[in-house]
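Visitor: let me see the structure of the following:
(one chain, ligands or ions: 1)
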Amino acid sequence: MILYFSGTGNSLYAAKKLLDEDERLISIADLIKDNEYDIKLNDNEKLGIIFPVYFYTLPSIVSEFFEKVNIKNADYVYSVITCGGGTAGASAVLKKILDKKGIKLSYFKELLMPDNSMLFYQIKVGDIVKERISQADEKLKAIKEDIDQKKTTLIGDSTISSALFEPMYRLNSKTKKFYAEDTCIGCGLCAKNCPQQVIEIKEGRPVWKKETCCKCSSCINRCPAKAIQYTKKTRKRNRYVNPYV
Ligand SMILES: Cc1cc2nc3c(=O)[nH]c(=O)nc-3n(C[C@H](O)[C@H](O)[C@H](O)COP(=O)(O)O)c2cc1C
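Guide: Numbers count the residues shown, from 1 in each chain. Sure thing, here's the model as predicted:
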């Protein structure tokens with residue numbers, strides 16, 4: 001079984017590449033929506049946990065899920081965290097949460113993918129996206145071989161780098177800077193795609209009805225009219241969605 005979270009498709013792309021033919025691929029956001037926190041694995045079934053890094057730690061939606069979840073029969077648990085630069089202590093944070101549940105994280109790899117964090121700075125698009133994904137494909141092949149053989153890696157315990165960025169993440173989790181410009185076509189895709197049901201369409205326009213969100217950036221990156229902004233600064237910034245999923 002693979003449990004995944006993905007805002008703009010990179011982590012879903014990785015999950016699909018690592019999935020065995022008859023294996024279950026389950027969205028963490030869907031499980032939360034359905035209030036489903038009981039995970040039962042079959043004998044010898046691997047558990048993969050795949051998601052992006054945010055502020056060198058876990059997306060809040062992912063940490064909140066794993067703090068609540070009950071996992072039965074976990075034998076071999078591995079994680080792949082996708083990133084635009086590096087994951088720092090994120091694997092240690094996940095390891096710590098799982099440890100508390102008596103679940104051992106046996107294997108971890110970070111996976112460099114195109115950066116989607118256009119809320120904060122200009123991101124690169126074009127050839128670099130395809131280059132990065134083809135480099136990731138090579139790494140995913142090696143990871144697949146490792147996990148098929150249930151290999152283990154050493155996973156550090158230091159969560160210091162993640163803790164340092166935690167206040168910045170909390171500060172940036174507010175939704176009040178999101179707005180839609182007049183170019184909004186009222187298609188409702190932002191609301192439909194939001195993994196936390198934060199957006200509601202009112203009089204043909206998105207409204208961010210919760211004060212905070214995990215900041216997956218799906219709404220802004222996936223808007224077909226490029227009408228969603230996060231302060232005026234994002235008007236001139238590129239958007240990113242994984243082109244293959
Ligand atoms: C709010 C936010 C914070 C991010 N923080 C980091 C980070 O700390 N380090 C990093 O390398 N990439 C960071 N990224 C980039 C994403 O982790 C990366 O692009 C990831 O592959 C996106 O995965 P997804 O397409 O499955 O959502 C951040 C992206 C967002 C939206």
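Visitor: output stretch 12-29 as PDB, nothing but the C-alphas.
Guide: Coordinates of the C-alpha atoms in stretch 12-29 are reproduced here as PDB (Å, rounded to 0.1, in the frame of the first residue of the first chain):
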ATOM      1  CA  LEU A  12       1.600  11.400  -6.900                       C
ATOM      2  CA  TYR A  13       4.000  10.900  -9.900                       C
ATOM      3  CA  ALA A  14       6.600   9.300  -7.700                       C
ATOM      4  CA  ALA A  15       4.000   7.100  -6.000                       C
ATOM      5  CA  LYS A  16       2.700   5.800  -9.300                       C
ATOM      6  CA  LYS A  17       6.200   4.900 -10.400                       C
ATOM      7  CA  LEU A  18       6.800   2.900  -7.200                       C
ATOM      8  CA  LEU A  19       3.400   1.200  -7.100                       C
ATOM      9  CA  ASP A  20       3.300  -2.500  -7.800                       C
ATOM     10  CA  GLU A  21       0.600  -3.700 -10.300                       C
ATOM     11  CA  ASP A  22      -1.800  -5.000  -7.700                       C
ATOM     12  CA  GLU A  23      -0.900  -2.500  -4.900                       C
ATOM     13  CA  ARG A  24      -3.300   0.000  -3.300                       C
ATOM     14  CA  LEU A  25      -2.600   3.700  -3.900                       C
ATOM     15  CA  ILE A  26      -4.500   5.800  -1.300                       C
ATOM     16  CA  SER A  27      -4.700   9.600  -0.900                       C
ATOM     17  CA  ILE A  28      -4.200  10.800   2.700                       C
ATOM     18  CA  ALA A  29      -6.400  13.800   1.900                       C
END
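Visitor: mind listing what's buried along that stretch?
Guide: For stretch 12-29, burial by neighbour count (16 or more other CB atoms under 10 Å) applies to 12-19, 25, 27-29. In this view, the C-beta of every residue, glycine as well, is placed from N, C-alpha and C.
Visitor: what parts of the protein come near the ligand?
Guide: 6-11, 52-56, 82-86, 113, 115-117, 215-217, 242 (CB under 6 Å from any ligand atom).
Visitor: gap between the residue of the chain positioned farthest from its centre and Lys101?
Guide: Distance from the C-alpha centroid of the chain peaks at Glu203, with 30.3 Å (CA atoms, centre = their mean). For Glu203, the distance to Lys101 equals 44 Å [CB to CB, to the nearest Å].
Visitor: could you pull out the strands for the protein?
Guide: 2-4, 25-27, 38-40, 46-52, 70-72, 76-83, 105-112, 178-180, 199-202, 205-208, 228-230 (DSSP state E).
Visitor: in the fifth one, which residues are buried?
Guide: By that I understand strand 70-72. Ile71.
Visitor: quick one: that strand to chain centroid distance?
Guide: Strand 70-72 has its average C-alpha position 21 Å from the chain's average C-alpha position, going by CA atoms, centre = their mean, to the nearest Å.
Visitor: which secondary structure elements does that strand contact?
Guide: Here strand 70-72 touches strand 38-40, going by 3 or more CB pairs under 8 Å, 6 or more residues apart in numbering; DSSP states H and E.
Visitor: show me what the strand it packs on is packed up against.
Guide: If you count contacts as 3+ CB pairs under 8 Å, 6+ apart, strand 38-40 packs onto strand 70-72.
Visitor: contacting residues around the strand it packs on?
Guide: Residues outside strand 70-72 that contact it (CB atoms under 8 Å, 6 or more residues apart in numbering): 37-41, 47, 101, 103.
Visitor: got a quick ChimeraX command for the buried subset of these?
Guide: Restricted to buried positions by 16+ other CB under 10 Å, the ChimeraX selection for the contacts of strand 70-72 reads:
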select :39,41,47,103
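Visitor: just the residues of the chain next to the ligand: which are in helices?
Guide: 10-11 (DSSP state H).
Visitor: give me the buried subset of the residues of the chain next to the ligand.
Guide: Among the residues of the chain next to the ligand, the ones that count as buried by 16+ other CB under 10 Å are 6-11, 52-56, 82-84, 113, 115-117, 215-217, 242.
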